[in-house]
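In: the following block contains a protein sequence and its predicted model.
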Amino acid sequence: DQQVKQNSPSLSVQEGRISILNCDYTNSMFDYFLWYKKYPAEGPTFLISISSIKDKNEDGRFTVFLNKSAKHLSLHIVPSQPGDSAVYFCAASDVGGSGGSNYKLTFGKGTLLTVNP
Amino acid sequence: ETGVTQSPTHLIKTRGQQVTLRCSSQSGHNTVSWYQQALGQGPQFIFQYYREEENGRGNFPPRFSGLQFPNYSSELNVNALELDDSALYLCASSSPDRAGEQYFGPGTRLTVT
């Protein structure tokens, strides 16, 4: 049972245009969402996050939108650059455990973004 | 500020053997989580360590075990290796004030033959 779904395995956009990456989740207990970027042979790099009390968070060219009623979030990259080409993972946190930093992350399968010059 | 480091980078083991993977957390981070990433999949949560205690575990059998040391570094041990254990093993650290954000190391690529 996949609780975080990225239904587009790949996305191709032109340099300068907007990239929109989508993510759906099924677990209503998720309350914190993150996007990571991953290059080959490297670990995932944290990009941006959003708490469930917000519906939008911006950081430079990256904006994440959260629609709780639809259990959907999206990452917008504007303008897209060739260096943005990577696999993007959506992740959601599941607060639990006995205390402390116990934010287990549940990941989607990723979307390969290719930005063409 | 030193990021998350992992060793070794690559490892080849035979089915039935045991393996230990190591992780040093980012400066100021006291929590370490381990993930397994199979080819074409997203990372899957194995377990998390906080204050040297296991603080949450994913759907992995007991032959996956770990340790956290007083300096917050961590080890992942896998006994009785199976072919399906071949994957990228990722370590991530986080700090108490930004607990939801985890910072990943480059991973250890384990191949079981």
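Out: Arrived safely, thanks for sending.
In: the residue of chain B most remote from its centre in helix, strand or coil?
Out: The C-alpha centroid of chain B is most remote from B:D97, which lies 21.6 Å away (CA atoms, centre = their mean). Classification of B:D97 using DSSP: H, G, I helix; E, B strand; the rest coil returns helix.
In: point out where the chain drops to low pLDDT.
Out: Just going to use chain A. Low-confidence segments of chain A (pLDDT under 70): A:95-102.
In: looking at chain B here, not the other one
Out: Low-confidence segments of chain B (pLDDT under 70): B:1, B:98-99.
In: how many residues are close by residue 83?
Out: Chain wasn't specified; assuming chain A. Look at A:G83: counted by other CB atoms under 10 Å in any protein chain shown, it has 9 neighbours. C-beta: built from backbone N, CA, C; applies to glycine.
In: hmm, no, I was thinking of chain B.
Out: Around B:L83 there are 9 other residues, counting by other CB under 10 Å.
In: so who does it touch?
Out: Contact partners of B:L83, counting by CB atoms under 8 Å, 6 or more residues apart in numbering or on different chains, are B:R15, B:V112, B:T113.
In: wait, doesn't the last one sit right on B:R15?
Out: It stands for B:T113. Yes. Counting by CB atoms under 8 Å, B:T113 touches B:R15, with 7.1 Å between them.
In: can you tell me which of the contacts of B:L83 has the most neighbours?
Out: B:V112 (19 neighbours).
In: let me know whether that residue touches B:K13 as I believe.
Out: Yes. Under the criterion of CB under 8 Å, B:V112 makes contact with B:K13 at 5.4 Å.
In: between these two, which contacts overlap?
Out: Counting by CB under 8 Å, 6+ apart, the residues touching both B:V112 and B:K13 are B:L81.
In: list the strands paired with the helix or strand containing A:W35, with their directions.
Out: Secondary structure from DSSP states H and E places A:W35 in strand A:32-38. Here strand A:32-38 has these sheet partners by DSSP bridges: strand A:45-51 (antiparallel), strand A:86-95 (antiparallel).
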